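no sequence on hand, only this structure:
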């Protein structure tokens, strides 16, 4: 967590806040920040555990695929990438309490509730 916290602090200095950002611009900044986390974590891991400096740029289209390629040093299988994406989604949703999750499901699926 120290690596991620420190890396996030550094990235925050590279992406200054601007109250004039549109929603799209803010999401693009968030995407760039999230895309960097796997690289910084795995660079630290390989360097501290094996003394190895790795190249952190890949041609992967997804965060999960990029993470797995950096971790193992080779192209991951589609099954592994899907499993990684599922895991990342579950981690992201774990912080929600039950009522928040229910509200998101209802809103996200355009469900309607009726009282009997």
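Right, received. Where do you want to start? If you're wondering where the values come from, they're calculated on a predicted model, not measured in any experiment. Numbering: from 1, shown residues only.

so what secondary structure elements neighbour the helix or strand residue 26 falls within?
Using DSSP states H and E, residue 26 sits within helix 23-50. Here helix 23-50 touches helix 2-14, helix 63-72, going by 3 or more CB pairs under 8 Å, 6 or more residues apart in numbering; DSSP states H and E. In this view, the C-beta of every residue, glycine as well, is placed from N, C-alpha and C.

count of neighbours near residue 108?
Per other CB atoms under 10 Å, the neighbour tally for residue 108 reads 8.

okay, it and residue 64: tell me how far apart.
According to CB to CB, to the nearest Å, residue 108 and residue 64 sit 21 Å apart.

lowest average pLDDT across the helices and strands packed on helix 23-50?
Mean pLDDT is lowest for helix 2-14 out of these, coming in at a mean of 89.

mind listing what's buried along it?
By 16 or more other CB atoms under 10 Å, the buried positions in helix 2-14 come out as 7, 11.

what does that helix rub up against?
With contact meaning CB atoms under 8 Å, 6 or more residues apart in numbering, helix 2-14 is reached by 33, 36, 37, 40, 41, 44.
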